[in-house]
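Trainee: my questions are about this predicted structure, shown below with the sequence.
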Amino acid sequence: MSRIALNGGLALLVALLFAGSLMAGKFWVPPSAWFSPDPRWWIIAELRLPRAILGLAIGAALGLSGAVLQGFLRNPLADPAVVGVSSSAALGAVAAIVLLGSSAPLVLFGCAMAAACGSMLLLAGLAWRAESAVAFILAGTVLASLGAALTSFLISIAPNPYATAEILDWIMGALTDRSYAEVQLALPFIAIGCGLLFLTGRALDALTLGEAAARSMGLRLERTQLLVVLGTGLAVGASVAVTGIVGFVGLIVPHLLRPLTGARPSALLLPSALGGAALLLAADSLVRLSPGPSEVRLGVAMALLGTPFFFVLLLKLRRSTWN
């Protein structure tokens with residue numbers, strides 16, 4: 001399949017799912033009520049439109065981050081969680097709830113982004129001038145483990161059950177009740193992060209030949225690593241800061257699209273961004289249709305979808321190793 005056809009088809013799918021996201025919910029709003037005096041239009045304008053914008057942007061950031069990390073680390077199981085940015089941003093938000101006693105969007109976002117930026121600096125320092133990507137993986141694993149441990153510690157010392165419930169509700173990940181305030185906070189960081197990640201395309205293609213060959217072609221691995229750290233940190237950090245942890249998008253989407261794009265990692269970047277946006281918009285629309293007065297949390301739904309996919313992927317890799 002040609003790249004134009006694939007990207008065009010994915011862009012059309014994203015547009016259709018975006019429109020479906022505006023309609024779907026406990027209360028359906030047909031297109032006939034759009035841009036009209038119908039009071040149902042305000043459900044879209046004030047509630048569903050910012051939610052759909054965030055779903056599109058965050059899905060694109062997670063899908064693109066997954067494709068870049070899999071190409072950079074040459075590991076098909078890599079996803080944004082491997083660099084520790086998700087757990088660090090979650091730690092910052094939990095610290096805001098427990099230590100500052102605030103769950104205001106601006107405070108949560110500021111603390112989450114501060115923690116994400118701090119983890120980026122630590123990751124860059126730990127893996128700087130490393131001769132291989134192994135140091136990058138180990139540094140990310142250390143940060144992810146530390147972030148998860150400190151988050152658990154803060155939950156254990158939460159001052160009251162209400163704070164604990166609020167933390168757990170946030171960690172499960174959701175786009176429920178998100179407003180234009182969160183859109184204005186997150187979108188600039190996501191856009192800058194995605195822009196940096198798109199700059200890695202040629203370097204990722206060179207790395208398919210191996211690090212030694214890539215260096216002989218003039219690739220500066222340190223520069224590529226810095227772009228990956230900054231891009232992933234900004235895009236994923238801002239995403240986690242407004243939704244909580246939503247996993248598996250960066251793992252699932254590149255694997256589904258790789259057979260259609262070929263072996264060049266750079267050809268996978270834009271399709272993965274579009275595919276991530278489509279997946280998250282579809283998942284967010286479906287969780288609204290769950291029976292009962294409340295919604296299934298988006299992070300829970302993605303975990304239920306992603307865990308079997310991860311298991312099947314491991315089996316395929318194991319069979320290919322045996323063969």
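Mentor: Ah, there it is. This structure is a prediction, so every number in the text was calculated from the model and none was measured.
Trainee: please make it C-alpha for all contacts and neighbour counts, starting now.
Mentor: Fine.
Trainee: tell me which element the residue of the chain most remote from its centre is part of?
Mentor: In the chain, Pro37 marks the outermost C-alpha relative to the chain mean, sitting 36.3 Å out by CA atoms, centre = their mean. Of the helices and strands defined by DSSP states H and E, none includes Pro37.
Trainee: cool, Ala206 as well?
Mentor: Ala206 is part of helix 201-207 when elements are defined by DSSP H and E.
Trainee: for Val228, same thing?
Mentor: With DSSP H and E as criterion, Val228 is part of helix 221-243.
Trainee: work out the gap between that helix and the centre of the chain.
Mentor: 10 Å (CA atoms, centre = their mean, to the nearest Å).
Trainee: stretch 89-97 too?
Mentor: 17 Å.
Trainee: so for it, mean pLDDT?
Mentor: Averaged across stretch 89-97, the pLDDT comes to 90.
Trainee: swap in stretch 163-171?
Mentor: On average, stretch 163-171 scores 84.
Trainee: now stretch 134-149
Mentor: Mean predicted confidence for stretch 134-149 is 83.
Trainee: likewise stretch 63-71?
Mentor: Here stretch 63-71 scores 93 as its mean pLDDT.
Trainee: may I have that stretch as PDB, with CA atoms only?
Mentor: Extracted C-alpha coordinates of stretch 63-71, given in PDB (Å, rounded to 0.1, in the frame of the first residue of the first chain):
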ATOM      1  CA  GLY A  63       1.300   6.300  19.000                       C
ATOM      2  CA  LEU A  64       4.100   8.400  17.600                       C
ATOM      3  CA  SER A  65       6.200   8.000  20.800                       C
ATOM      4  CA  GLY A  66       5.800   4.200  20.600                       C
ATOM      5  CA  ALA A  67       6.900   4.100  17.000                       C
ATOM      6  CA  VAL A  68      10.000   6.300  17.700                       C
ATOM      7  CA  LEU A  69      11.000   4.300  20.800                       C
ATOM      8  CA  GLN A  70      10.600   0.900  19.000                       C
ATOM      9  CA  GLY A  71      12.800   2.300  16.200                       C
END
